[in-house]
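A.B. asks: just coords:
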């Protein structure tokens, strides 16, 4: 039972004890969370350097019972020791994170971790993105959640802007690759489209974006491929008429 919870910045001296909190919490969370792929000693070495990479806060009640680690726009970690869960420590650390990042922040949770997802939803976080887990170390499906801060519309629009910037760069890269491959095809341009290959592309992409579904991705990719080939043909015609 907690007596007087104190939240304070972590020190280097705290990190060995926090590493043990992390190890015990991850181990107790299986199967809601997949087992850690790192051995205990690797975790201890990683945790020892965390204060140099993140803003780390501890929850203390005669001993360290939990911690949160943040960077500019991410809640990188929030862990509460197994014996102290359900006692308000997690809520206190999350409220602290909100006060430290009033403009909002995001975090990742394993899709299988139903208790954590319910906890964050109760505290006003929203689920933004579901993935197949191919980008995380455990290769386990995950969910990106966000606390949209004191001005949710501004926060969410800023997230959209970041995605649109990335999308523009990816579209430009795909356009360049589409143009490059035409020189190696027997029938370049729109005439040489390969429906079977396009179907394979759609099926592969649908695994990475299950929230969209194959039919929507197919319509998006049809437009991307069509416009990329149109751009290539227009450039070819311009060069040919020059």
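C.D. replies: In hand now; what should we look at? All values reported here derive from a predicted model rather than from experimental measurement.

A.B. asks: Would you agree residue 47 is in contact with residue 14?
C.D. replies: No - assessed by CB atoms under 8 Å, residue 47 is found out of contact with residue 14, at 9.5 Å. Where you see a C-beta, it was placed from the backbone N, CA and C, and this is true even at glycine.

A.B. asks: quick one, which of those two is more surrounded?
C.D. replies: Per other CB atoms under 10 Å, whichever of residue 47 and residue 14 has more neighbours is residue 47, with 24 against 20.

A.B. asks: do you know how far residue 104 is from residue 237?
C.D. replies: Look at residue 104 and residue 237: by CB to CB, to the nearest Å, they are 47 Å apart.

A.B. asks: Actually, residue 122.
C.D. replies: 59 Å.

A.B. asks: Show me how far the helix or strand containing residue 225 is from its chain's centre.
C.D. replies: Using DSSP states H and E, the element containing residue 225 is helix 214-241. Averaged C-alpha coordinates place helix 214-241 at 30 Å from its chain's average position (CA atoms, centre = their mean, to the nearest Å).

A.B. asks: which one of residue 104 and residue 237 has more residues nearby?
C.D. replies: Set side by side, residue 104 and residue 237 show more neighbours around residue 104, with 20 against 10, by other CB under 10 Å.

A.B. asks: For that one, give its distance to residue 119.
C.D. replies: 18 Å.

A.B. asks: swap in residue 157?
C.D. replies: Distance, residue 157 to residue 119, by CB to CB: 26 Å.

A.B. asks: And these two? Which one has more around it.
C.D. replies: residue 119 (19 against 11).

A.B. asks: and the helix holding residue 225, what does it pack onto?
C.D. replies: helix 152-182, helix 195-208 (3 or more CB pairs under 8 Å, 6 or more residues apart in numbering; DSSP states H and E).

A.B. asks: Now do the last one and helix 214-241, the angle between them.
C.D. replies: Just to be clear, that refers to helix 195-208. 130 degrees (axes from the mean of the first three to the mean of the last three CA atoms, to 10 degrees).

A.B. asks: Buried residues, helix 195-208. List them.
C.D. replies: 201-202, 206 (16 or more other CB atoms under 10 Å).

A.B. asks: tell me which of the residues you listed is nearest to residue 173?
C.D. replies: residue 201 (14.9 Å; CB to CB).

A.B. asks: looking at it, that closest one is touching residue 222, isn't it?
C.D. replies: No - with contact defined as CB under 8 Å, residue 201 does not count as touching residue 222 (10.4 Å).

A.B. asks: Please tell me how far the nearest residue to residue 221 once chain neighbours are set aside sits from residue 188.
C.D. replies: Spatial nearest neighbour of residue 221, chain neighbours left out: residue 202 (5.8 Å); criterion: CB to CB, 6 or more residues apart in numbering. Distance of residue 202 to residue 188, computed by CB to CB: 22 Å.

A.B. asks: just residue 77 next, same as before
C.D. replies: 50 Å.

A.B. asks: who's more crowded, the two?
C.D. replies: Neighbours were counted for residue 77 and for residue 188 using other CB under 10 Å; residue 77 has more, 19 against 16.

A.B. asks: what is that one paired to in the beta sheet?
C.D. replies: Note on residue 77: beta-bridge partners by DSSP bridges are residue 69.

A.B. asks: Tell me the pLDDT of it.
C.D. replies: Predicted confidence (pLDDT) for residue 77: 96.
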